[in-house]
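Engineer: Build me a model:
(2 chains)
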2 protein chains.
Amino acid sequence: MAGKFYIVGVGPGDPELMTIKAYKNIKNADIIAYPGDGRKEGTAYQIACKAIPEVRQKKTIYLKFPMTRDEKQLEKSHDNAANDIINLLNTGKDVSMITLGDPCIYSTAFYVFERIESKGYETEIINGINSYSAAAAKSMISLAMKDEKLIITTPEQIVTSFDGTMVIMKSGYHLKELKKMFRDRKMYLIENCGMENENLFSEEIPDKAGYFSTLIIKSEKT
Amino acid sequence: MAGKFYIVGVGPGDPELMTIKAYKNIKNADIIAYPGDGRKEGTAYQIACKAIPEVRQKKTIYLKFPMTRDEKQLEKSHDNAANDIINLLNTGKDVSMITLGDPCIYSTAFYVFERIESKGYETEIINGINSYSAAAAKSMISLAMKDEKLIITTPEQIVTSFDGTMVIMKSGYHLKELKKMFRDRKMYLIENCGMENENLFSEEIPDKAGYFSTLIIKSEKT
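Structural biologist: Numbering: from 1, shown residues only, chains lettered A, B, ... in the order given. Sure, this is the predicted structure:
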């Protein structure tokens, strides 16, 4: 019988922000799949190791995803990752693919998941805390109250007029223009959420920050 | 020295979807605060008890929040809850107020939090998994990929045209009109997420469901 495939959110960085379900799943996993190139271990893998040190003794498989927007190259990498995992599932082993944050929101793991799920393998998604929730908690702000809207988006799909809160994921390279665009609004930035080099900004937002930067823009003025 | 106040998300229902941090916080809490009327125990309290049975032996305080949209009545209830908790903090005890889902998204706990925080008490927010993430995981769908937007809102603030995904919280009483409004789109509904009476719908969405119903509407057609 084929094994089961899980995509597991390890949360935003702090190993204690993993769910009990994710913790148990990773602890009991036959094989851990993670994005990386074999030499440089991925962020999700490091979080899992901090929470569960015995992960380092487990069988792992690293999946290569190029940092590109070229659709064909990306699709090929998702196909390859799915095929590599399917080969392992066919030996009867369960595979847990770990991912930062939540697997249902902007996660490469989901592309691999849909390929494996569509072929009839048993699958499950285990949620994780998103970086934007962690950023709000650390900034001690709410993302939505009463009938406020919360919009989660990327620098490519910005909404210029909104009530409530807009979260822009991976906004670090676009801060200068975003600050100009929303100059009258209150902003909060979290860079490298939950990691050792985490930075929180609420007064003076920098013009540039690392790739893993989440910007929260409130609709009310400062 | 005054105690510390925590708002703690217990997640969407499944006790295993609590974070390790929330689990430890509740386990070690001096006093658990929860919404309820003293007789009927709240949903968040039941989730916490399932995860940590010794919660039943802990000192608890229940906070009354009327089911109304009357601003004055609501503000009074938030003031009263904050004052009750402050009285306990002043005795040197820590208080953990538990809440469904995540404290940063549509949570009554946040109104209490901002009152206590503004008075200079030591405070912390501990995240939880949202019902919409859990609903997506159970429905095996993604909420946002690539540059898709994700909009979280209530039945009072619907967006009629969007790319990506719209999540409508507490939509159970509005399903008939929502189905008419978005008749060409793919919808997923989760009623009573994570509880014993949980229902998942993806083919035939009912005209009415319970108060705790989360509707996910995708932009692509069925």
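
Engineer: C-alpha from now on. contacts and neighbour counts both.
Structural biologist: Noted.

Engineer: Using the record's domain definitions, break chain A down for me.
Structural biologist: As given by automatic domain parsing, the domain ranges for chain A are A:5-126, A:131-221.

Engineer: Of these, which is nearest B:Leu74?
Structural biologist: Ranking the domains of chain A by their distance to B:Leu74 (criterion: CA to CA) puts domain A:131-221 first, at 11.3 Å.

Engineer: model confidence over the closest one, on average?
Structural biologist: Averaging pLDDT along domain A:131-221 gives 92.

Engineer: re earlier: between the domains of chain A, which gets nearest to B:Ile141?
Structural biologist: domain A:5-126 (6.9 Å).

Engineer: do the closest one and chain B meet?
Structural biologist: Yes. If you take CA under 8 Å from any CA of the partner chain as the test, domain A:5-126 does meet chain B, through A:16-21, A:102-107, A:110, A:124-126.

Engineer: If you rank the residues you listed by neighbours, which is first?
Structural biologist: For the residues of domain A:5-126 next to chain B, counting by other CA atoms under 10 Å in any protein chain shown, the largest number of neighbours falls to A:Pro103: 32 neighbours.

Engineer: For that residue, which non-adjacent residue is spatially closest?
Structural biologist: Spatial nearest neighbour of A:Pro103, chain neighbours left out: A:Gly9 (5.5 Å); criterion: CA to CA, 6 or more residues apart in numbering or on different chains.

Engineer: Surely that neighbour is in contact with A:Ser107?
Structural biologist: No. Between A:Gly9 and A:Ser107 no contact is recorded; they are 9.3 Å apart, counting by CA atoms under 8 Å.

Engineer: can you list residues touching both of these two?
Structural biologist: For the pair A:Gly9 and A:Ser107, residues contacting each of them under the criterion CA atoms under 8 Å, 6 or more residues apart in numbering or on different chains are A:99-100.

Engineer: can you tell me how far the spatially closest residue to A:Ala51 that is not a sequence neighbour sits from A:Cys193?
Structural biologist: What sits nearest to A:Ala51 in space, not counting adjacent residues and going by CA to CA, 6+ apart, is A:Pro15, at 5.0 Å. When CA to CA, to the nearest Å is the yardstick, A:Pro15 and A:Cys193 sit 12 Å from each other.

Engineer: now for the helix or strand harbouring A:Ala135, which elements pack on it?
Structural biologist: Using DSSP states H and E, A:Ala135 sits in helix A:131-139. Based on contacts counted as 3 or more CA pairs under 8 Å, 6 or more residues apart in numbering or on different chains; DSSP states H and E, the elements that helix A:131-139 packs against are strand A:185-191, strand A:213-221, strand B:123-126.

Engineer: Reformat these into CSV and put distance to A:Asn28 next to each item.
Structural biologist: What follows is those, written out as CSV (distance: least, CA to CA, whole Å):
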stretch, distance to A:Asn28
strand A:185-191, 32
strand A:213-221, 32
strand B:123-126, 26
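
Engineer: of those strands, which approaches B:Leu215 most closely?
Structural biologist: The closest approach between B:Leu215 and any of the helices and strands packed on helix A:131-139, judged by CA to CA, belongs to strand A:213-221 at 24.1 Å.

Engineer: and the closest one, does that touch chain B?
Structural biologist: No. Looking at strand A:213-221 against chain B by CA under 8 Å from any CA, there are no contacts, and the closest approach is 12.5 Å.

Engineer: and that strand, which strands flank it?
Structural biologist: For strand A:213-221, the paired strands and their directions (DSSP bridges) read strand A:164-168 (antiparallel), strand A:185-191 (antiparallel).

Engineer: ok, residues contacting the helix or strand following the shortest one?
Structural biologist: Following the chain from strand A:164-168 toward its C-terminal end, the next helix or strand by DSSP H and E is helix A:175-181. With contacts defined as CA under 8 Å, 6+ apart, helix A:175-181 is touched by A:160, A:205-209.

Engineer: which among the residues you listed end up buried?
Structural biologist: A residue is treated as buried here by neighbour count (16 or more other CA atoms under 10 Å in any protein chain shown); on that basis the buried members of the contacts of helix A:175-181 are A:205, A:209.

Engineer: If you drop the residues flanking it in sequence, what lies closest to A:Glu148?
Structural biologist: A:Gly164 (4.6 Å).

Engineer: And A:Ile129, by the same measure?
Structural biologist: If you skip the residues right next to it in sequence, A:Ile129 has A:Gly11 as its closest partner in space, 4.5 Å away by CA to CA, 6+ apart.

Engineer: isn't the one you found right up against A:Gly101?
Structural biologist: Yes. Because the distance of 3.9 Å satisfies CA under 8 Å, A:Gly11 is recorded as touching A:Gly101.

Engineer: These two - which one has more neighbours?
Structural biologist: The neighbour comparison of A:Gly11 against A:Gly101 (other CA under 10 Å) goes to A:Gly11, with 32 against 26.

Engineer: Look up phi and psi at the more buried one.
Structural biologist: A:Gly11 has phi and psi values of phi 80, psi -170 when expressed as degrees, to the nearest 10.
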